[in-house]
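S.K.: quick check, what structure comes out for this input:
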Amino acid sequence: LRLSLQRLQEDINSLGSYLIIRKATQSYWALVDLIKETGAQAVFFNHLYDPVSLIRDVSVKQGLFSMNIPCFSFNADLLYEPWEILDEQNKPFTTHASFWDHLLIMPHPQPLPTLRPQELPRVPDQVIRLSVEQLYLIAPDEPSSSAFFPDTWQPGENGALEALHWFINEGLREFGTRNQTPDHSCNTSKLSPHLHFGEISVKHIWNQIHQMETGSDEEWLGNLRAFK
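M.R.: Predicted structure coming up:
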């Protein structure tokens with residue numbers, strides 16, 4: 001998370017703004033203070049699906065709406081909302097096979113991912129913010145254990161896009177061959193940490209692979225079916 005936040009901070013800086021990090025016991029009041037300090041005219045955030053977060057987010061939305069502050073939330077982590085994929089009895093699927101078969105006949109997920117902006121509004125310099133280091137996300141004895149991260153994972157959006165490009169053009173093409181060997185270390189997409197930290201969306205991955213399906217050779221398509 002520390003490395004991912006550092007890359008996000010660098011990306012936002014390159015767009016002319018900066019990342020605001022705060023720690024608070026009450027999310028709602030922290031947001032209210034930040035809105036007042038920045039002059040924000042609306043709040044946008046992504047869905048979380050655990051019960052505690054759902055209750056918190058509904059409460060935050062209601063509070064902001066009561067202050068006439070528009071508030072919008074989005075599905076950023078899933079192809080579809082959990083309540084959009086149900087069986088014939090309108091209940092959640094109980095096996096992965098039936099869930100996956102149904103997912104494959106669903107309409108193409110919308111909206112398609114949009115390109116990053118060319119620039120972001122500058123935040124007033126007086127707005128208080130913490131640095132990534134002040135979050136103390138890594139213990140003193142951890143640096144040595146994370147020394148090998150750069151060899152296996154390049155955090156940030158650019159690292160995520162590079163991993164996806166490798167997976168589509170090399171990883172999938174050799175998946176069938178590699179899957180027959182005892183060493184399965186190269187048989188994954190290596191996208192999990194990027195997905196976990198929001199550096200790339202599953203919709204972006206789905207759309208990229210969907211576009212590749214048209215015009216690809218049978219070997220690649222066979223490996224894609226095997227991977228699925």
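
S.K.: helices along this structure, start to end?
M.R.: Taking DSSP state H as the test, the helices found in the chain are 2-14, 27-38, 51-66, 96-104, 149-152, 157-166, 175-178, 192-196, 202-213, 218-227.

S.K.: quick one: those helices as CSV, columns for mean neighbour count, mean pLDDT and distance to Gln118 too.
M.R.: Any C-beta I mention is one placed from the backbone N, CA and C, and that applies to glycine too. Conversion of these to CSV gives the following (neighbours: other CB atoms under 10 Å; pLDDT from 0 to 100; distance: least, CB to CB, whole Å):
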stretch, mean neighbour count, mean pLDDT, distance to Gln118
helix 2-14, 16, 90, 11
helix 27-38, 15, 92, 20
helix 51-66, 13, 92, 28
helix 96-104, 11, 86, 35
helix 149-152, 10, 67, 29
helix 157-166, 17, 90, 15
helix 175-178, 16, 60, 37
helix 192-196, 16, 90, 23
helix 202-213, 15, 80, 19
helix 218-227, 14, 60, 34
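
S.K.: identify whichever of those lies nearest to Ser131.
M.R.: Distances from Ser131 to each of the helices of the chain were compared using CB to CB; the minimum, 8.6 Å, belongs to helix 2-14.

S.K.: show me what contacts Asp57?
M.R.: Applying CB atoms under 8 Å, 6 or more residues apart in numbering to Asp57 gives the contacts Phe45, His47, Leu48, Ser73.

S.K.: distance check, it against Leu103.
M.R.: 25 Å (CB to CB, to the nearest Å).

S.K.: okay, which residue is most central for this structure?
M.R.: To find the centre residue of the chain, average its C-alpha atoms and take the closest one (CA atoms, centre = their mean): that gives Gly198, at 2.4 Å.

S.K.: returning to what we had before: looking at the contacts of Asp57, which is nearest Phe99?
M.R.: Proximity of the contacts of Asp57 to Phe99 (CB to CB) peaks at His47, which lies at 19.2 Å.

S.K.: quick one: contacts for the closest one?
M.R.: Shown in contact with His47 (CB under 8 Å, 6+ apart): Asp57, Ser73, Phe74, Asn75, Ala76, Asp77, Glu81.
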